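Participant: Next come a sequence and a model predicted from it.
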Amino acid sequence: MDDLRSEWDAATNFADGSVSERWWGTVSRQYTEEGRVYHGHAYLSQLFSLYHQYQDKLQAPQAVALAIFFHKLEYNPQSGDADSKNVEKFDAFISEAGDGHMDSSMAVAVRGLLEAAISNFTEAHIMEGGSGSDDVHYFLDFTMAVLGASSPEYEQYTTKIQAEYIHLPTNAYNQLRLKILKNLLLMPNIYATREFQTAREKTARENIQKEVDSLTAQV
């Protein structure tokens, strides 16, 4: 997590130093918990690589950076409300950060991004031929970028994701995964921004269809 410390310091430069330090302890501890085979340190690094690639497109980059850190702070594949808890986690952090921050425009922006991560889609995803260029569109595309990765990287991702669901029998996991993947293929746009649609949409659909075919043969 050491390579992400500078990202955290920049994202929390408005907060009291002791508060930032204490919450960094929470962030670094939770993203290195046992069981985070995919959604750990490397996942955050991947998102920040994309963040810097598209930073000049963002309207509130500091808010996006905070959302990256908080959107999977609580992560439990056995629980359905972890994403909602992350909004509460952010509110706890921002309430400690100092006077005037709780209702700031940045805090409102972060909450909006974290709430969008719960449903994980916007109008741009469900409108045929649609696209968006707001921070929420880039943020969600960052989190879904791996779907459009090279075939070897995608296969590594699927292996790691299944390892995070070790509590499920293989057949139950396959059925759950199939449902998620088929729903993705039904969406007009897996990615919301024009840049990601151009660069990754076709590959993402090919990767997903290949996994669907493989899983279908197993259930």
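Facilitator: Ah, there it is.
Participant: Could you pull out the buried residues of stretch 207-219?
Facilitator: 207, 208, 211, 212, 215 (16 or more other C-beta atoms under 10 Å). The C-beta positions use only the backbone N, C-alpha and C, and glycine is treated the same way.
Participant: what sits up against that stretch?
Facilitator: 147-149, 151, 154, 158, 170-171, 174-175, 177-178, 181-182, 184-185, 190 (C-beta atoms under 8 Å, 6 or more residues apart in numbering).
Participant: And the one helix or strand residue 171 maps to, what does it pack against?
Facilitator: According to DSSP states H and E, residue 171 maps onto helix 170-186. The contact analysis (3 or more C-beta pairs under 8 Å, 6 or more residues apart in numbering; DSSP states H and E) places helix 170-186 against helix 151-164, helix 202-216.
Participant: So which residue is dead centre in this protein?
Facilitator: Residue closest to the average C-alpha location in the chain (C-alpha atoms, centre = their mean): residue 143, at 3.6 Å.
Participant: returning to that earlier point: can you name the element that comes right after the helix holding residue 171?
Facilitator: Heading C-terminal from helix 170-186, the first helix or strand you meet, by DSSP H and E, is helix 194-196.
Participant: In the protein, what helix or strand scores lowest on average pLDDT?
Facilitator: helix 82-96 (a mean of 93; mean pLDDT, DSSP states H and E).
Participant: Buried residues, it. List them.
Facilitator: Within helix 82-96, the residues that count as buried by 16+ other C-beta under 10 Å are 82, 83, 86, 87, 89, 90, 91, 93, 94, 96.
Participant: How about stretch 15-31?
Facilitator: So, applying 16+ other C-beta under 10 Å, buried residues of stretch 15-31: 15, 19, 20, 23, 24, 27, 31.
Participant: go on, stretch 46-61?
Facilitator: Using 16+ other C-beta under 10 Å as the test for burial, stretch 46-61 gives 46, 47, 48, 50, 51, 54, 58, 60, 61.
Participant: Where does the prediction get shaky in this protein?
Facilitator: Along the chain, no part satisfies pLDDT under 70.
Participant: try 90 this time
Facilitator: For the chain, the stretches with pLDDT under 90 are 1-3, 78-84, 98-103, 218-219.
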